[in-house]
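Q: The sequence isn't on hand, but the structure is:
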């Protein structure tokens, strides 16, 4: 059994059903148009898409609220919904243009967010869109920023193709339709005054937007600047540093650091509430992840705010640093134990949360009866043994 990351939609709960042949044809036609024509019409397409999508917000049967929070004169965070978790987009106003971190599953939400960014900053010169990883709930809205240059880890395009094209897209919509049916039935049995009712109501409204948007007019929009370990975007009065952090959520995760603002955007890497976990099934050089994490934490540059991609999650600066301390300490210790010829069983006895990392003792350290610390030790040992 493996420990999976926390995602926008729990796809394990969704049942399957048949998708119409007409939708299959729309999927493949849209992919063809996206691959052959997108670069020729980026600016026009984006403007038309915005106009077409903005009225769709009310089609879900309720107006989902748009929130925004200013971190500084140059940094804005925006998200949709009060109860349902959505994506918290970061917008940066720089000398060389606007940069955006994260899109979402629902491109009408992204259209509203883009319009709010333009209004708030009084400009529309979008220079970069940065994807923190390939998951559909972070990349399906890319086409709203088709006039910008999209930047991501080199593994993002393959992940997007698997989820957002062909049979992958058909299955995704199939799952969402099953989820909508289940949630609508569940809503009938909830107290209308309860938080669970309000959450479920917003969830259904989101699905009612997502499904037709994926079935009609959706064009997967891929990043054009790819990197493997790290990349720096010079924005004149601001520097955007991108670091590969694969191995914990996907093989395409990156963390974004803006030192001038003390801002770190971590995507879905490791939320506050849970001991960070390494995924055994992901093939990645975890030493690179730790090296990059250290370049942020140990650089001497002040971190003021850490942004988790999902609006209902958070990560404090202190925990972000303690996560690095925990993982790097265990990694370095296990590397030395392996060099000395000790065994995995020896390694499991060496580090405990209670004794060595008491900062995490009150956080979630077990998932489905799996001890995360022990699991991490096994995952690290496998990587060290195969280096």
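A: Received, thanks. Treat the numbers as computed from the prediction; the structure is a model and nothing was measured.
Q: what ranges do the helices span in the chain?
A: Remark: helices assigned in the chain by DSSP state H are 21-37, 42-53, 107-121, 136-139, 156-164, 166-187, 195-215, 286-297, 317-339, 344-350, 353-356, 372-385.
Q: neighbouring contacts of the last one?
A: Put plainly, it is helix 372-385. Contacts with helix 372-385, where a contact means Cβ atoms under 8 Å, 6 or more residues apart in numbering, come from 3, 274-280, 285-286, 327, 330-331, 334-335, 338, 344, 347-348, 351-353, 357, 364-366. All C-beta spots, glycine's among them, are computed from the backbone N, C-alpha and C.
Q: before we move on, what about the third one?
A: Counting by Cβ under 8 Å, 6+ apart, helix 107-121 makes contact with 49-50, 53-54, 56-57, 64, 66, 68, 76, 78-80, 86-87, 89, 91, 93, 98, 100, 103-104, 124, 126, 140-141, 143-145, 209, 213, 218, all of which sit outside it.
Q: any idea how far residue 62 is from residue 83?
A: Here the distance between residue 83 and residue 62 works out to 12 Å (Cβ to Cβ, to the nearest Å).
Q: The two: which has the busier surroundings?
A: For residue 83 versus residue 62, the count of surrounding residues by other Cβ atoms under 10 Å is larger for residue 83: 16 against 13.
Q: quick revisit: could you identify the buried members of the contacts of helix 107-121?
A: Burial of the contacts of helix 107-121 was assessed by neighbour count (16 or more other Cβ atoms under 10 Å); the buried members are 49-50, 53, 56-57, 64, 66, 68, 76, 78-80, 86-87, 89, 91, 93, 98, 100, 103-104, 126, 140-141, 143-145, 209, 213, 218.
Q: For residue 318, the count of nearby residues, please.
A: Residues lying near residue 318 (other Cβ under 10 Å) number 12.
Q: what's the distance between it and residue 292?
A: Distance from residue 318 to residue 292, by Cβ to Cβ: 20 Å.
Q: same check, this time on residue 326
A: Shown here: residue 326 relative to residue 292, a distance of 16 Å by Cβ to Cβ.
Q: what's the answer for residue 241, then?
A: When Cβ to Cβ is the yardstick, residue 241 and residue 292 sit 9 Å from each other.
Q: Mutual contacts of the two, please.
A: Common contacts of residue 241 and residue 292 (Cβ under 8 Å, 6+ apart): residue 230.
Q: what touches both of residue 83 and residue 62?
A: When contacts are counted by Cβ under 8 Å, 6+ apart, the set common to residue 83 and residue 62 consists of 201-202.
Q: Show the contacting residues for the residue nearest to residue 187 when sequence neighbours are not counted.
A: The spatial neighbour of residue 187 that comes closest, neighbours along the chain excluded (Cβ to Cβ, 6 or more residues apart in numbering), is residue 200 at 5.1 Å. Residue 200 makes contact with 183, 186-187, 190, according to Cβ under 8 Å, 6+ apart.
Q: Out of those residues, which end up buried?
A: If we count by 16+ other Cβ under 10 Å, the contacts of residue 200 have these buried: residue 183.
Q: Could you provide the contacts of residue 200 in TSV, with additional columns for distance to residue 309 and pLDDT?
A: Supplementary listing: the contacts of residue 200 in TSV, determined by distance: Cβ to Cβ, whole Å; pLDDT from 0 to 100:
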residue	distance to residue 309	pLDDT
183	22	97
186	26	97
187	27	97
190	27	97
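Q: Off-centre distance for stretch 83-91?
A: 10 Å (Cα atoms, centre = their mean, to the nearest Å).
Q: Please report the distance of residue 109 from residue 250.
A: 22 Å.
Q: In terms of neighbours, single out the busier of the two.
A: Set residue 109 next to residue 250 and count neighbours by other Cβ under 10 Å: residue 109 wins out with 29 against 26.
Q: nearest to residue 164, of the contacts of residue 200?
A: Distance from residue 164 was checked for each of the contacts of residue 200 by Cβ to Cβ. The minimum falls on residue 183, at 22.4 Å.
Q: I figured that closest one was touching residue 203, is that so?
A: Yes: using Cβ atoms under 8 Å, residue 183 is in contact with residue 203, at 5.6 Å.
Q: Residue 240 versus residue 290, what's the distance?
A: Here the criterion is Cβ to Cβ. By it, residue 290 lies 21 Å from residue 240.
Q: From the neighbour counts alone, determine which of these two ranks first.
A: residue 240 (25 against 17).
Q: what residue ranges in the stretch 51-200 of the chain score low on pLDDT?
A: By pLDDT under 70, the low-scoring segments of the stretch 51-200 of the chain are 51-61.
Q: one more time with 80
A: By pLDDT under 80, the low-scoring segments of the stretch 51-200 of the chain are 51-62.
Q: per-residue pLDDT, residue 1?
A: At residue 1, the predicted lDDT confidence score is 26.
Q: nearest residue to residue 252 other than its sequence neighbours?
A: residue 155 (3.9 Å).
Q: wait, doesn't that neighbour sit right on residue 161?
A: No: Residue 155 is not in contact with residue 161 according to Cβ under 8 Å; the separation is 11.0 Å.
Q: Looking only at neighbour counts, state which of the two leads.
A: The residue with the greater number of neighbours, taking residue 155 and residue 161 and applying other Cβ under 10 Å, is residue 155; the counts read 21 against 16.
Q: The more buried one: what's it in contact with?
A: Per Cβ under 8 Å, 6+ apart, neighbours of residue 155: 134, 246, 250-252.
Q: Same question for residue 78.
A: When contacts are counted by Cβ under 8 Å, 6+ apart, residue 78 touches 66-69, 88-89, 91, 113, 116-117.
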